[in-house]
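Visitor: build me a model:
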Amino acid sequence: MNSHRLIPVVLLAAAAGTLLTACSSTAPTPELTQPRELIVYPTPPDTPRIQFLTRYSTSADIEPERRRSIWESIAGEDDSANEEKQIVKPYGVAMAQGRIYVCDTGAIAVDIIDIPAQSLSRFQPRSFGKLSKPLGCFADESDGSLFVADADRQQVVVYGNDGSYRASFGERESIRPSAVFVVGDSIFAADLNGQRVAVYARSDQRLLGFIPADTTDPAARLFAPTNLFVTNDHVYVTDFGSFQVKIYDRNGRFVRTLGRYGSGLGQFVRPKGVAVDRNSNVYVVDAGFENVQVFDAEGKLLMFFGGPYEGPGDLYLPAGITIDYENVDLFRHLVHPGFQLKYLVLVTSQYGPDKVNVYGFIGPEETPSHAP
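Guide: This next block holds a predicted model:
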């Protein structure tokens, strides 16, 4: 047991719904992607809200095993195409159209986990689209476009659904992007060089402005913006330099902060990825605690999950996080009977055996009404 592991997970806000009782095995699914035991947070008798569903680290976790035919063996055909592919050192993560995109700083590539196709491939474009240090990414569910924040290129690079190079921008502002997020016709890029978030028009990559809008307000200042998440109303920025998540409106006006430096509940020591669900609950990855803390819209700590790596469901120097509502059908078969899957939470670990953990936000199944 790690000495710095936090206390056992408990729900800090009042839990609603039916309590989970006896646990049985999960629904049938391919053996390589099925946890050997049911892992939920918080643990019974509290009502579970997060279930660890599966993890991806190598091609063996997603691709069906292929056996060489006797003719291939006799002919001595090259078997390199069947060699196991590994995610090396992931940071940012995104999901769209059944694909999980992982910024792999160790491989200098974007690893693509295609769930329907049961494949793991490595995207290493050349020429104008060549990557140098991909840290953050965003995938558009509507058209499959991929946006990559490349810190060493000092650009955001845009690719089409087929992997073709579309555009790159940011060099005029000398940005060093560590994260990118797209909402509507606006592209938001966290800029480590400028200690700000740069905002561009998606249609023509024209610079629209910077966040924070007021650089004279000490509370609004960013020191090391590493990760971000944007909703219809707010921009959430992880400021590694102040050990906080800073929240702005879409016009760049400062709203408030979330968390502060410390080793207690609701505090941060190495905040990284941030994501927000449709109920304005905020998920914050802490690479020091090696967990994810969940806050409500008012900033009250609700729960946390993960923890220093000891087995499935735990994290090992976690970095990126994203929330996905559009691809839940691909993982419903992994949810414990009696619960329904509301949305997915994906978290990367830069080290350890489990590089991409997939969790599900779950709730008790609703009992159909039999009223006349």
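Visitor: now R172: phi and psi?
Guide: When read as degrees, to the nearest 10, the backbone of R172 gives phi -70, psi -30.
Visitor: distance of it relative to I211?
Guide: Between R172 and I211 the distance is 18 Å, computed by C-beta to C-beta, to the nearest Å. Heads up, the C-betas are built off the backbone N, CA and C, glycines and all.
Visitor: so in the protein, which strand runs the longest?
Guide: Taking residue count as the measure and DSSP state E as the definition, the longest strand of the chain comes out as strand 339-349.
Visitor: flag every buried residue along that strand.
Guide: By neighbour count with 16 or more other C-beta atoms under 10 Å, strand 339-349 contains the buried residues 339, 341-349.
Visitor: now render the residues you listed as JSON lines, adding distance to P218.
Guide: Shown next, in JSON lines, are these (distance: C-beta to C-beta, whole Å):
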{"residue": "F339", "distance to P218": "45"}
{"residue": "L341", "distance to P218": "43"}
{"residue": "K342", "distance to P218": "39"}
{"residue": "Y343", "distance to P218": "36"}
{"residue": "L344", "distance to P218": "37"}
{"residue": "V345", "distance to P218": "33"}
{"residue": "L346", "distance to P218": "35"}
{"residue": "V347", "distance to P218": "32"}
{"residue": "T348", "distance to P218": "32"}
{"residue": "S349", "distance to P218": "34"}
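Visitor: D277: which of these is nearest?
Guide: Proximity to D277 was ranked across the buried residues of strand 339-349 by C-beta to C-beta; first place goes to Y343, at 6.4 Å.
Visitor: surely the closest one touches G360?
Guide: Yes. Taking C-beta atoms under 8 Å as the definition, Y343 is a contact partner of G360 at 7.4 Å.
Visitor: show me whatever sits in contact with both of those two.
Guide: Contact criterion C-beta atoms under 8 Å, 6 or more residues apart in numbering; residues shared by Y343 and G360: V328.
Visitor: list the contacts of the residue sitting nearest the centre point of the chain.
Guide: Computing the C-alpha centroid of the chain and ranking residues by C-alpha atoms, centre = their mean puts I321 first, at 2.2 Å. Taking C-beta under 8 Å, 6+ apart as the criterion, I321 is in contact with 93, 272-275, 283, 285, 292, 345-348.
Visitor: tell me the one of the residues you listed nearest E83?
Guide: For the contacts of I321, with E83 as the reference and C-beta to C-beta as the criterion, the closest is T348, at 22.9 Å.
Visitor: beta partners for that closest one?
Guide: Following DSSP bridges, T348 is listed with bridge partners V356.
Visitor: okay, stretch 284-295 in CSV with CA atoms only?
Guide: The C-alpha atoms that make up stretch 284-295 are tabulated as CSV, following Å, rounded to 0.1, in the frame of the first residue of the first chain:
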residue,chain,number,x,y,z
VAL,A,284,-9.8,17.3,-12.3
VAL,A,285,-6.8,14.9,-12.8
ASP,A,286,-4.1,15.2,-10.2
ALA,A,287,-0.8,13.6,-11.1
GLY,A,288,0.5,13.9,-7.5
PHE,A,289,-2.5,12.2,-5.9
GLU,A,290,-2.8,10.0,-9.0
ASN,A,291,-6.5,10.3,-8.9
VAL,A,292,-9.5,12.2,-10.4
GLN,A,293,-11.5,14.6,-8.1
VAL,A,294,-15.0,15.5,-8.9
PHE,A,295,-16.6,18.8,-7.9
